[in-house]
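[1] Could you work out the structure for the sequence below:
(2 chains)
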Amino acid sequence: MKKLVLASLLLALSSSVTFADTIKVGVVGPFSGPAALQGKNFQAGINAWLAVNGNTIGDDTIEIVYRDLPAPDPAQSAALTQELIVSEGVQYLAGYYYTPDAMAAAPILEEGNVPMVVFNAATSAIVNASPYVVRTSFTTWQTSTPMAAVARQRGIDKVITVVSDYGPGVDSEAAFVAGFTGAGGEIVESVRMPMNTNDFSPMMQRIKDSGAEAVFAFLPAGPATLGFVQAYVENGLKDAGVTLLAPGDLTQEPDLAALGDNALGLLTTFHYAVSHDSPENSAFVEAASKAIGSASELSFPAVGAYDGMYVISKMIEATGGNQDAAAAVEAVKGLSWVSPRGPVSINPENRHLTQNIYLREVALEDGQYINKEIQTFENQGDPGWKAP
Amino acid sequence: MSDISLTSTKPVWQRTAMRDLIAVLILAAVAALGYLLFPSNLALLTRIIAVMLLVLSLDLVTGYSGVATLGHATVFGAGAYAAGIFAAKFGVTDPLLMLAIGALAGAIAGALSSLIILRGHGLSQLVLSIAVVSLAHEAANKLSAWTGGSDGLSGIAPAPLLGLFRFDLFGRTAFIMAVVLLIAVFVVLRIIVRSPFGMLCRGIKQDPIRVRAMGAPVYFTLVKMYAIAGAVAGLGGALSAIATKVVGLDSLSFTMSAEALVMLVLGGTGKLYGAMIGTLVFVWFEDRVSAINPFHWLTIVGVLLVIVVLFAPKGLTGAAETLWTRLRRQS
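    Model prediction:
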């Protein structure tokens, strides 16, 4: 009898220790509107991770709660984040495509005892906004800086920079100019174009007149990119041998088919190409293509989300499913693993990914346009980050 | 009939004061209900009040004074950025002071933009108003050293309200401050729209030529009204900056201006409560639908707007009033 009581007591104790729980992860992203494709990629990355690894960690089940934020809107982001924490009771926050939205969510993390894993927003300063921010994407500085080295290696001395006049464009310009002049190159002119520019012919004339050997460009992915590359080819700059250099935002995979032959040979630096050759990536691409419905829609936010889910799973493991944001973030500092994009690790100092940045060339393989990786810059940190 | 003759024996100010008191009580009751029923949605409710101030302000210039504008977010954004910049760059973190700065900046922005917008009439006025908001948006984007550009202005850390009440995670302090602010603004606006000045504005809306023939200044009256409306929207902007702690370019956007107009039309123009009901219904509905279906909610909102505009062209309050008078006639 005594044994039985003891056994049942033990059972009761142990069951309270391994109390099975549902752990909610709140995901904020653009799931409708013009950037819906990027939100769809968030979802594909999450679903791919769940499909490969299952939705349970120990005894805990992961549940995803989606909230839509179609355009940068910090007030709405703050309201959604607060509602996710207070009313949905999420233990983890994730997603955030635009910088202002991530910035608006950061101030309430500490009080809510919730870590935030940024799947995309790419301004260096976001990680300084709260000690509970971890980022699994990239920064514009990180992807743009290696391009300066590429330009110098190819013997280019004079470059004109042309960027869209908004935060990421300005970041990209600053990163390239710092790297290029640091390596002894000369910037002949820096032009910032208004965001809604659609006619790029005058710009191409200006590039021609500047006498630069190459043009470094940054535009947000979408219609503007298509117009820019088309104008570059039609105005004869490509034939004249003016090299077009850009971070990979310009040639994200879903845009490649529309860019077509105009984009062939275009050089971009970025952290992820869907065509990356590794067993991890083929498993990821298979699962994510199934999740998104069509492989041609797959793009870089999916890999940010996939790795973000990995980081969250490690956080849940480390805290045993208890809500302890400080311990969760502490546990993933210095974490390193092989992502579909290559080997990565979380810099304990700024909670941002150290990763390879690849030089890619747009190429036609098996009837499909791809970003073919031709050079690797290993273990790149974020050159744009300044300690607070 | 008897009760009408009874009330009409009282002086006018007493009757209107009585009505104002009832309106304030209803407002306070609705706010208290919101606080009790939705304790975890206070951030949303605070956001709704901030937008309400913008829509109220739009109602002053469009509904009461007949100025067509699709650029009214200019004054909202001016208040938000002014309060935000003073807090983030100069350490002015007292929330009441931030509100005052927002109101002042809104009033200045209102008066200045009205100088441009009032130059046109009808369609050209609409185009000018869009130009004004686009200019303001681009200026905020360009001056990124001050405004943070498209990354948003962050680093706003409001001090506790009155030195006692911290702005907490649940948003209680921000909500209560917002409700008190809304009620105060509402009472002041009731007095303004009833005043001879408010009547003059309505007169201008109906027939500006006649008002001018009577010897009243049309242009200057509208500039004054614009400044008052600017202060109201500026308060909304400052409230948003305090509650969100980040100011983004969206607060100066054409989209925001257009949405404010949609909310006003939804509620009913030319009525203060119309502006408030329109905002409450629109933002609340949007939030619920987008939570239920984050992927296709915009379609649902669009369809419902079409239905409202087709079947209730005077807005929700206009439809309710029509229904009310019809019911009374029947009984």
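[2] what does the stretch 1-150 of chain B put close to chain A?
    B:40-44, B:46-47, B:50, B:138, B:141-142, B:144, B:148-150 (CB under 8 Å from any CB of the partner chain). Every residue, glycine included, has its C-beta placed from N, CA and C.
[3] Please identify which of these is nearest to B:Arg172.
    Among the residues of the stretch 1-150 of chain B next to chain A, B:Leu42 lies closest to B:Arg172 (CB to CB), at 6.2 Å.
[4] Nearest spatial neighbour of the closest one, chain-adjacent residues omitted?
    B:Gly171 (3.8 Å; CB to CB, 6 or more residues apart in numbering or on different chains).
[5] Dihedrals phi and psi, the one you found?
    Main-chain torsions, B:Gly171, degrees, to the nearest 10: phi 80, psi 20.
[6] Quick one: residues contacting it.
    Residues near B:Gly171 by CB atoms under 8 Å, 6 or more residues apart in numbering or on different chains: A:82, B:42-43, B:45-46, B:243.
[7] can you check A:Thr197 too?
    A:Thr197 neighbours (CB under 8 Å, 6+ apart): A:164, A:203, A:224.
[8] same thing with B:Ala103?
    Contacts of B:Ala103 were listed using CB under 8 Å, 6+ apart, and they are B:79, B:231-232, B:234-235, B:238.
[9] which residues in the stretch 101-250 of chain A form strands?
    A:116-118, A:133-135, A:158-164, A:186-193, A:214-218, A:243-247 (DSSP state E, counting those that start in this stretch).
[10] quick one on the thing from earlier: just the contacts of B:Ala103: which are in helices?
    In helices, defined here by DSSP state H, the members of the contacts of B:Ala103 are B:79, B:231-232, B:234-235, B:238.
[11] After the helix or strand containing B:Ala100, which helix or strand is next?
    Using DSSP states H and E, B:Ala100 maps to helix B:95-117. Following helix B:95-117 in sequence order, the next helix or strand is helix B:123-142 (DSSP H and E).
[12] helices or strands next to the helix or strand following that next one in the packing?
    Moving toward the C-terminus from helix B:123-142, the next helix or strand (DSSP H and E) is helix B:144-147. Other helices and strands packing on helix B:144-147, by 3 or more CB pairs under 8 Å, 6 or more residues apart in numbering or on different chains; DSSP states H and E, are helix B:73-90.
[13] Buried residues, the helix it packs on. List them.
    B:73-88 (16 or more other CB atoms under 10 Å in any protein chain shown).
[14] Out of those, the closest to A:Ala318 would be?
    Using CB to CB, the buried residues of helix B:73-90 come closest to A:Ala318 at B:Ala88, 34.9 Å.
[15] how near is the closest residue to the closest one other than its chain neighbours to B:Val247?
    Closest residue to B:Ala88 apart from its sequence neighbours, by CB to CB, 6+ apart: B:Gly155 at 4.3 Å. Note on B:Gly155: its distance to B:Val247, by CB to CB, to the nearest Å, is 10 Å.
[16] who's more crowded, these two?
    B:Val247 (34 against 16; other CB atoms under 10 Å in any protein chain shown).
[17] contacting residues for that one?
    A:74, B:77, B:80-81, B:84, B:147-148, B:152-153, B:156, B:237, B:240-241.
[18] Against chain A, how distant is the closest residue to B:Ala319 other than its chain neighbours?
    The shortest distance from B:Ala319 to any residue other than its chain neighbours is 3.8 Å, reached at B:Ala312 (CB to CB, 6+ apart). Using CB to the nearest CB, to the nearest Å, B:Ala312 is found at 26 Å from chain A.
[19] I'd guessed B:Ala312 sits against B:Leu323; true?
    No. Using CB atoms under 8 Å as the test, B:Ala312 is too far from B:Leu323 to be in contact (9.8 Å).
[20] Neighbour count for the two, which is higher?
    Taking other CB under 10 Å, B:Ala312 and B:Leu323 do not tie; B:Ala312 has more neighbours (18 against 11).
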